[in-house]
Every structure is written in C-alpha cells, then in structure tokens.
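Undergrad: Quick check, what structure comes out for this input:
(one chain, ligands or ions: 2)
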Amino acid sequence: MLTAYHVAVVGATGAVGMEMINVLSQRNFPVESLTLLASERSAGKRLEYNGKHIAVQKLTADSFKGIEIALFSAGASVSKEFAPIAAKAGTVVVDNSSAFRMEPDVPLVVPEVNPQDIFKHKGIIANPNCSTIQMVVALKPLHDIFKIKRIVVSTYQAVSGTGKKAMDELAEQTTKMFSFKPEEIKPRVYPHRIAFNCLPQIDVFLDNGYTKEEMKMVNETRKIMGDDSINVCPTTVRVPVFVGHAEAVNIETQKPITPEEARRILAAAPGVKVEDDPSQSVYPMQINVAGTDDVFVGRIRQDISIPNGLNMWIVADNLRKGAALNAVQIAERLIAGR
Ligand code: NAP
Ligand code: 3JM
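TA: Ligands and ions are numbered 1, 2, ... in the order given. Now for the predicted structure:
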C-alpha cells in the first residue's frame with residue numbers, strides 16, 4: 001500500500017503557495033491530509049485541492065503537530081521564525097525563502113543537479129532562488145563535460161517572482177497607462193513604474209554594488225553545483241511580464257564547446273527542452289513556458305569573442321520550476337528515499 005503523508009503548505013494563499021497546491025494535486029503527491037497555513041488575514045478563507053475546499057488556518061507555533069512535510073513560501077522572516085519550530089516538531093521543511101540557503105548544514109537542492117544532498121538534511125531543505133534553479137538545470141550537463149569557468153548572466157524576471165501584490169500592480173499600472181492616466185500611477189511594490197518599463201534592481205542593493213538577487217545567483221550556483229571555482233557575473237532585471245523568467249547566459253568553458261554538441265547534450269538532459277530553430281524564429285519565450293514544467297533553452301550559439309564560449313537563452317516558469325514544482329520534486333525524492 002502506498003504511504004501517504006500529512007503535508008502542510010505555509011503561505012498557501014500566495015502566488016507560490018497556490019501553485020504548490022496545484023502541483024501537489026497535478027503530480028498526485030501522496031497526501032493523507034493537507035493543512036493550509038497563512039497569516040491571520042487569510043484565516044478561514046477556503047482554497048480548493050483535489051475538488052475539496054480546505055479552510056486556511058493561521059500559522060502558529062502549534063501548527064506542525066503531526067505534520068510530516070511542510071512546504072514553506074511565506075517569506076524569509078516567517079521561515080526564520082517557524083521553520084526551526086517545525087523541524088523541532090519532527091516535520092521536514094522544504095523552504096522556498098532565502099533564509100537558510102547558504103547555511104552549511106542546510107542542503108540547497110535542484111533534483112536534476114544534486115539530488116543526493118537531500119538526505120544530508122537536519123530538518124530543513126532549502127529550495128534555491130528561481131533564477132538560479134533554471135540556470136543550473138541547463139548548465140550542469142554542460143559543466144559535467146566542458147567544465148564551466150565563468151558565467152555572465154542577465155535576467156528578465158517576471159513580476160510574479162515578487163508575489164501577488166506585484167502582479168496586481170503591473171495590471172493596474174497597465175490599465176492606467178491605457179486610460180492615459182500615468183499621473184495616477186503610484187508605485188507601491190517596486191521603486192519605479194513597472195508597466196512598460198524594466199527595472200535593473202531585484203531585491204536590495206548590497207555594499208559591493210550588486211543586488212541581493214544577483215549575489216544569490218553567485219553563491220547558490222556554486223553551492224548547488226558543488227564547485228566554488230565557478231565565477232558568476234550577474235545582472236538581474238525585472239520586466240513587465242506576469243509569469244516566466246528569461247535569462248541571457250554566456251559561459252566560458254575549460255574545454256572547447258560547440259553549439260551542436262551543446263544542443264545534443266541539452267536535448268538529452270533531464271528537465272530540459274531545446275527550442276532552437278532560428279530559421280523559423282523558434283526560441284523559448286515567456287508566453288509559451290508559463291504553466292509548463294521544463295527549462296527551455298534556445299539561441300544556442302558560439303561566443304565569437306573568446307576561444308571556448310557559448311551563448312544561450314534560458315526560460316522557465318518561475319512559479320513552477322523556479323519555486324513550487326522544484327519544492328514538490330524535492331519532497332518526492334525525499335519520500336522515495338533515494
Ligand atoms: P505572496 O504572493 O505575497 O504570498 C505570501 C504568502 O505568505 C501569503 O500566503 C501570505 O498569507 C503569507 N504570509 C505573509 N506573512 C505571513 C505571516 N506573518 N504568517 C503566515 N503567513 C504569512 O508571495 P509569494 O510570491 O507567494 O512568495 C512568498 C515567498 O516565497 C517569498 O517571500 C520568497 O521567500 C519565496 N519565493 C521563493 C521563490 C524562489 O525563487 N524559490 C520564488 C518566489 C517566492 P496572507 O494571505 O495571509 O497574507
Ligand atoms: C523574496 O523574482 C524574485 O523576486 C525572486 C524570488 C524571491 C525570493 C527568493 O526566492 O530569493 C522573492 C522574494 C525572496 C527571498 O529572498 O526569499
């Protein structure tokens with residue numbers, strides 16, 4: 001008989017939490033009971049899971065009694081406070097926030113890249129940043145063969161990465177622009193207007209001039225790939241897209257690499273789909289990847305400025321592979337025990 005688990009989603013009413021509920025259902029995750037947790041604001045609200053309407057409960061220190069697996073996506077401060085409480089109660093936490101990602105005794109996992117790290121957990125497993133996840137899924141198979149020395153990446157990130165308030169803000173600002181009322185736009189979530197604009201700032205600025213999002217890509221890539229020698233030079237940009245992050249990625253490798261070899265290796269790589277036919281204007285785009293599970297790669301071409309370099313364009317659904325799906329895949333590996 002299949003074992004089923006007592007599962008909780010923390011931040012269930014959010015953009016990522018709601019996608020977690022969808023993914024648990026779509027992948028038939030063996031759920032014995034599903035507990036939905038959020039702040040006091042959403043207590044009593046009902047969310048649908050497998051045709052049932054489940055009432056959201058307020059998250060408290062007592063929420064984890066009998067819970068075996070908790071998927072957290074309520075922000076880093078909630079994770080910092082409640083993930084250790086859950087772990088102490090015997091729950092295994094898969095945490096979507098940046099709270100524990102760089103802690104040495106917390107595994108940081110992308111199942112296609114470092115599944116073995118899952119079993120080193122001490123109660124908390126961290127889900128990486130969305131932009132990092134899609135990049136390492138595509139780059140690990142190339143690193144294994146050609147050894148990546150340096151990555152230069154620019155991101156084009158959707159507003160859903162910031163949550164549901166940011167999605168509302170883009171919709172409202174767009175409507176105001178079309179009603180010729182730009183003076184009524186008062187940015188609340190971002191420092192500037194996001195409609196019809198690109199913001200070269202994601203998360204806060206650090207002393208080195210990079211943003212926190214950019215440094216997540218540097219540090220998390222090294223930890224997941226298990227290779228501190230990889231140099232990452234990122235620029236992260238918010239674009240007026242609802243769902244899907246895209247990335248222009250340049251790699252410099254130790255061994256010579258050709259676009260043909262890269263296409264062949266990526267076509268066989270787990271979780272990757274190659275969409276690359278310039279003659280037909282075929283390449284991955286956010287409008288096509290939203291709602292899908294794979295990491296899509298196109299525009300694969302030689303870097304004409306250095307001996308061993310390659311350019312590519314990597315796109316994925318940030319709420320699915322970038323967050324909810326990756327977390328559920330971690331939980332699936334965990335219960336499979338391998
Ligand atoms: P969101 O749409 O704003 O949702 C936030 C969720 O957290 C809501 O369910 C909210 O509940 C809940 N929450 C807020 N404060 C809480 C509190 N004090 N106690 C309990 N629940 C609380 O945001 P989101 O986009 O889903 O993202 C949530 C978090 O997930 C982010 O802050 C980030 O840490 C993480 N995330 C990770 C990735 C990734 O790359 N892996 C991507 C996106 C997000 P209410 O409805 O009650 O307000
Ligand atoms: C807080 O697109 C994005 O803004 C990145 C997702 C995100 C994160 C994260 O996963 O790193 C949004 C808000 C965080 C965080 O630091 O936990």
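
Undergrad: With only the CA atoms kept, save stretch 285-305 in PDB.
TA: What follows is stretch 285-305, C-alpha atoms only, in PDB (Å, rounded to 0.1, in the frame of the first residue of the first chain):
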ATOM      1  CA  MET A 285       9.500  32.800 -24.700                       C
ATOM      2  CA  GLN A 286       7.700  33.500 -21.500                       C
ATOM      3  CA  ILE A 287       4.300  33.400 -23.200                       C
ATOM      4  CA  ASN A 288       4.800  29.800 -24.100                       C
ATOM      5  CA  VAL A 289       6.500  28.500 -20.900                       C
ATOM      6  CA  ALA A 290       4.000  29.800 -18.400                       C
ATOM      7  CA  GLY A 291       2.200  26.700 -16.900                       C
ATOM      8  CA  THR A 292       4.900  24.200 -18.000                       C
ATOM      9  CA  ASP A 293       7.500  22.200 -16.100                       C
ATOM     10  CA  ASP A 294      10.600  22.200 -18.200                       C
ATOM     11  CA  VAL A 295      13.600  24.600 -18.500                       C
ATOM     12  CA  PHE A 296      13.600  25.700 -22.200                       C
ATOM     13  CA  VAL A 297      16.900  26.600 -24.000                       C
ATOM     14  CA  GLY A 298      17.400  28.300 -27.300                       C
ATOM     15  CA  ARG A 299      19.600  30.800 -29.200                       C
ATOM     16  CA  ILE A 300      22.500  28.400 -28.600                       C
ATOM     17  CA  ARG A 301      25.500  29.900 -30.400                       C
ATOM     18  CA  GLN A 302      29.200  30.300 -30.300                       C
ATOM     19  CA  ASP A 303      30.700  33.200 -28.300                       C
ATOM     20  CA  ILE A 304      32.600  34.800 -31.100                       C
ATOM     21  CA  SER A 305      34.700  36.900 -28.800                       C
END
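
Undergrad: which residue ranges form the helices in the stretch 51-200 of the chain?
TA: Residue ranges of the helices in the stretch 51-200 of the chain, as given by DSSP state H, counting those that start in this stretch, are 76-88, 130-146, 164-178.

Undergrad: Tell me which of those helices sits most buried.
TA: Most buried of those by mean neighbour count (mean count of other CB atoms under 10 Å) is helix 130-146; its value is a mean of 24. Where C-beta positions appear, they are placed from N, C-alpha and C, glycine not excepted.

Undergrad: Low-confidence stretches in this protein?
TA: Residue ranges of the chain with pLDDT under 70: 1, 338.

Undergrad: Where does it get nearest to ligand 1, which residue?
TA: G14 (2.1 Å; CB to the nearest ligand atom).

Undergrad: ok, V56 touching G11?
TA: No: using CB atoms under 8 Å, V56 is not in contact with G11; the gap is 10.2 Å.
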